[in-house]
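> Sharing a model prediction with you, sequence too.
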Amino acid sequence: MASFKVILQGRAETEIRALPFPLRRLVNHKIVSFQREPRPSGCESIGPEGRCRLVLHGCRILYKIDDGRRIVTVLA
């Protein structure tokens, strides 16, 4: 299986930096794992255009999957 490229939008990067360190580390690890599996167990599709949501320890990760270009864009 080919991997996906993961891109952080500016807002997402700012919000991740504001998280307490232990949670920030978990969120970063999960985002990196989107390269292998952009639709992990527990993710929810939240509308058209490949938008998804994943909740990790009370922190919501919003992202968009472009299967054609193999890109995951983290929105917030």
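Right, received. Where do you want to start?

> Just the buried residues of the lowest-mean-pLDDT helix or strand in the chain, please?
Within the chain, no helix or strand scores below helix 10-17, which has a mean of 93 by mean pLDDT, DSSP states H and E. Residues of helix 10-17 classed as buried: 12, 15, 16 (neighbour count, 16 or more other CB atoms under 10 Å). Yep, even glycine has a C-beta here, placed from its N, CA and C like the rest.

> With distance to residue 73 as extra columns, can I get the residues you listed in JSON lines?
What follows is the buried residues of helix 10-17, written out as JSON lines (distance: CB to CB, whole Å):
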{"residue": "12", "distance to residue 73": "9"}
{"residue": "15", "distance to residue 73": "14"}
{"residue": "16", "distance to residue 73": "14"}
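
> Tell me the one of the residues you listed nearest residue 34?
Using CB to CB, residue 12 is the member of the buried residues of helix 10-17 that sits closest to residue 34, with 12.0 Å.

> So which bits of stretch 15-34 are buried?
For stretch 15-34, by 16+ other CB under 10 Å, it's 15, 16, 27, 30, 31, 34.
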